[in-house]
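Visitor: Here is a sequence together with a model predicted from it:
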Amino acid sequence: MTFESIIGQERAIRLLTRILENNRLAHALLFTGVDGIGRQTTAMAMAMVLNCLKPVGTSACGVCRSCKKVISGNHPDVIIVKPSGTFIKIDQVRSLRKVLRFAPLEGGRRVIIINDAHAMNLEASNAMLKILEEPPNDTYIIITASRTMDLLPTIVSRCQQIPFRPVAVADIAAALGTRSGLDADAATAVAVLAKGSLGRALSADAEKWMDWRKDLLERVELVSSESTHALFVFADTLARDKDRLQDALDVINIWFRDILICRFHPEKILNRDCMEEIQRKSEQLSVHDILEIIMAVSAAQRAIVKNANRRLALEVMMMRMSSAFRKSLHPQGD
């Protein structure tokens, strides 16, 4: 849980280290970025640094009594507030204000970590704003959120913002190989779909996910030969699986991206466990038709994000994909 253990966030860690070295730590920090990229782990590492009894430079030692309490979640001056159900509610912030009336119990620095602050309702946000306006001495507040636009502008303006970037595919794949024992090709395949979220990759059931991807791509392979009715059934199946729909479209998009890039830079293929199949498809399809398929999938993704009718968007995508397939595989017509 030290700064050195944070994966793929070198820039954010460098900023925090510089702030500590120059003794310019603001009373409130705002960590922004998608879930699973290390915001909350870094907040805990910061709490350790601020309370460590034997710090090493700007890093916590990780072994002193205070560090062990933070790691175990038992430090009385490190308080974590997180959503109770869907929201962080006003009662949670009121309880926090009561605690802040008293000095830190261990006489050091008190650290308040507000996880997923974008889940604060309006009443809770206004109550939190009052804490930020008049923070007690020796108290530091670390707020984590997906985006600044999900918070009150007055909260954002009172915090020192530290943006967290999506973790690189190579870093996620390396972590999967070390912690989950996946081979390099499978780890890369899972890492790509994690969209920069190390937490998401580590929590995934890799074997189950690989089987799902295999079934999906086999179904995509049939698009070139199936009837319109069968294509619409496939579209309906995808549309009904709402939770995995964007993942499914990402898999399809990356698959055809690999088929395209195989012609020019095969060393950059992401689905490396399927090299032979990708090379075969790359020889069958024209560049124009591969691009048409990629654009069809991307258009469906954009439409679905904008709350268009999922089934209709996917039916249009299927028809465009089928047309592109047929042009390449049957250039003389259907």
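Guide: Cool, got the structure. Numbering: from 1, shown residues only.
Visitor: So in terms of bridging, what pairs with residue 87?
Guide: residue 84 (DSSP bridges).
Visitor: To what extent is residue 315 buried, counted in neighbours?
Guide: Burial measure for residue 315: 19 neighbouring residues, criterion other C-beta atoms under 10 Å. Using the backbone N, CA and C atoms, a C-beta is placed for each residue, glycine as well.
Visitor: now swap in residue 4 and tell me
Guide: So residue 4, with other C-beta under 10 Å, has 11 neighbours.
Visitor: show me where the protein has strands.
Guide: Assigned by DSSP state E, the strands in the chain fall at 28-32, 78-81, 110-114, 139-145, 160-163.
Visitor: can you give me how far the longest one is from the chain middle?
Guide: Counting by C-alpha atoms, centre = their mean, to the nearest Å, strand 139-145 is centred 20 Å from the centre of its parent chain.
Visitor: Sheet-wise, list the partners of it with their directions.
Guide: strand 28-32 (parallel), strand 110-114 (parallel).
Visitor: of all those, which lies closest to residue 283?
Guide: In terms of C-beta to C-beta, the element of the strands paired with strand 139-145 nearest to residue 283 is strand 28-32, at 44.3 Å.
Visitor: Over the closest one, what's the mean pLDDT, rounded is fine.
Guide: Mean per-residue pLDDT for strand 28-32: 95.
Visitor: One more: stretch 276-291?
Guide: Per-residue scores along stretch 276-291 average to 92.
Visitor: First-to-last residue distance for it?
Guide: Taking C-alpha to C-alpha, to the nearest Å, stretch 276-291 runs 20 Å from one end to the other.
Visitor: What is the burial count for residue 325?
Guide: 22.
Visitor: typo on my end, it should be residue 18
Guide: Quick note: residue 18 (other C-beta under 10 Å) scores 11 neighbours.
Visitor: How about residue 3?
Guide: 22.
Visitor: Could you do residue 54 as well?
Guide: 12.
Visitor: wait, residue 80 sits on residue 115?
Guide: Yes: Residue 80 lies in contact with residue 115 (C-beta atoms under 8 Å); the separation is 6.3 Å.
Visitor: The two: who's more crowded?
Guide: residue 115 (18 against 15).
Visitor: Could you report the pLDDT at the closest residue to that one other than its chain neighbours?
Guide: Spatial nearest neighbour of residue 115, excluding adjacent residues (C-beta to C-beta, 6 or more residues apart in numbering): residue 82 at 4.2 Å. pLDDT, residue 82: 92.
Visitor: Quick one: residues contacting residue 82.
Guide: The contact partners of residue 82, taken as C-beta atoms under 8 Å, 6 or more residues apart in numbering, are 88, 114, 115, 116.
Visitor: give the contact list for the last one.
Guide: The neighbours of residue 116, taking C-beta under 8 Å, 6+ apart as the test, are 82, 83, 88, 144, 145, 146.
Visitor: how many neighbours does the closest residue to the last one other than its chain neighbours have?
Guide: This points to residue 146. Take residue 146 and drop its neighbours on the chain: the residue closest to it by C-beta to C-beta, 6+ apart is residue 118, 5.4 Å away. For residue 118, the neighbour count with other C-beta under 10 Å is 18.
Visitor: and what of the one 4 residues further on?
Guide: Around residue 122 sit 9 other residues, with neighbours defined as other C-beta under 10 Å.
Visitor: contacts for the lowest-mean-pLDDT helix or strand in the chain?
Guide: The helix or strand of the chain with the lowest confidence, counting by mean pLDDT, DSSP states H and E, is helix 184-193 at a mean of 84. Outside of helix 184-193, the residues within contact range by C-beta under 8 Å, 6+ apart are 169-170, 172-174, 176-177, 180, 182, 201, 204, 206, 209-210, 213, 247, 250-251, 254, 270-273.
Visitor: now swap in stretch 305-315 and tell me
Guide: So stretch 305-315 is contacted by 231, 232, 235, 236, 238, 239, 242, 245, 299, 300, 303, 304 (C-beta under 8 Å, 6+ apart).
Visitor: Identify each buried residue in that stretch, please.
Guide: 310, 313, 314, 315 (16 or more other C-beta atoms under 10 Å).
Visitor: residue ranges with poor pLDDT in the stretch 201-334 of the chain?
Guide: Counting by pLDDT under 70, the stretch 201-334 of the chain has low-confidence residues at 330-334.
Visitor: how about 50 then?
Guide: 334 (pLDDT under 50).
Visitor: Now residue 198: closest residue in space, sequence neighbours ignored.
Guide: Take residue 198 and drop its neighbours on the chain: the residue closest to it by C-beta to C-beta, 6+ apart is residue 167, 4.8 Å away.
Visitor: if I pick the residue most central in space within the chain, what's in contact with it?
Guide: Nearest residue to the geometric centre of the chain (C-alpha atoms, centre = their mean): residue 197, 3.4 Å. Neighbour list for residue 197: 34, 35, 36, 37, 166, 167 [criterion: C-beta under 8 Å, 6+ apart].
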